[in-house]
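J.: Got a predicted model here, sequence first, then my questions.
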Amino acid sequence: SVYTPDEHSEHFSRFKDQLDEVLLKEEVPTDSLIELFNNTKPALLQSMVDKINSMQQSWTASKDQPPFK
C-alpha cells in the first residue's frame, strides 16, 4: 500500500512526537528507532480503505476508525 501525502505527514508527525519523548529520557539504539517508526504507522491506509470498500456493499470502512484496544 502507498501513503497519501496526508498519511505520510500524519505518520511522520506521530513518529517525531514519540521520538522526542524517548530521546528526552535515554539514548535509543537503531533497532528501537525502527520499531518505534513501524509502531507509529497508520493502521489503515486510504488505499486499503478504497480497496475494501470497492469489494463489498453492506458497510463502509474508514481510515478514521479508532484503533481497537
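T.: Yes, it's here. Residues are numbered from 1 along each chain as shown.

J.: Where does pLDDT dip in this structure?
T.: In the prediction, the chain carries residues with pLDDT under 70 at positions 1, 43, 67-69.

J.: got the residue ranges for the helices in it?
T.: 5-25, 30-39, 46-54 (DSSP state H).

J.: Pipe those into CSV and attach distance to residue 62 and mean neighbour count per row.
T.: Every C-beta, even on glycine, is put in place using the N, C-alpha and C of the backbone. Supplementary listing: the helices of the chain in CSV, determined by distance: least, Cβ to Cβ, whole Å; neighbours: other Cβ atoms under 10 Å:
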stretch, distance to residue 62, mean neighbour count
helix 5-25, 13, 12
helix 30-39, 21, 11
helix 46-54, 6, 13
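
J.: Those helices into a markdown table, with extra columns for distance to residue 65?
T.: Supplementary listing: these in a markdown table, determined by distance: least, Cβ to Cβ, whole Å:
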| stretch | distance to residue 65 |
| --- | --- |
| helix 5-25 | 14 |
| helix 30-39 | 18 |
| helix 46-54 | 9 |
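
J.: looking at those helices, which is closest to residue 61?
T.: helix 46-54 (4.4 Å; Cβ to Cβ).

J.: Can you tell me the closest non-neighbouring residue to residue 11?
T.: residue 41 (5.6 Å; Cβ to Cβ, 6 or more residues apart in numbering).

J.: same thing with residue 36?
T.: Residue 36's closest residue in space is residue 18 (Cβ to Cβ, 6+ apart), at 5.8 Å.

J.: Now for the one you found: which residues touch it?
T.: 36, 39-40 (Cβ atoms under 8 Å, 6 or more residues apart in numbering).

J.: one more time with 10 Å
T.: With Cβ atoms under 10 Å, 6 or more residues apart in numbering as the criterion, the residues that contact residue 18 are 36-37, 39-40.

J.: Closest to the centroid, which residue in the chain?
T.: The C-alpha lying nearest the average C-alpha coordinate of the chain belongs to residue 42 (Cα atoms, centre = their mean; 1.7 Å).
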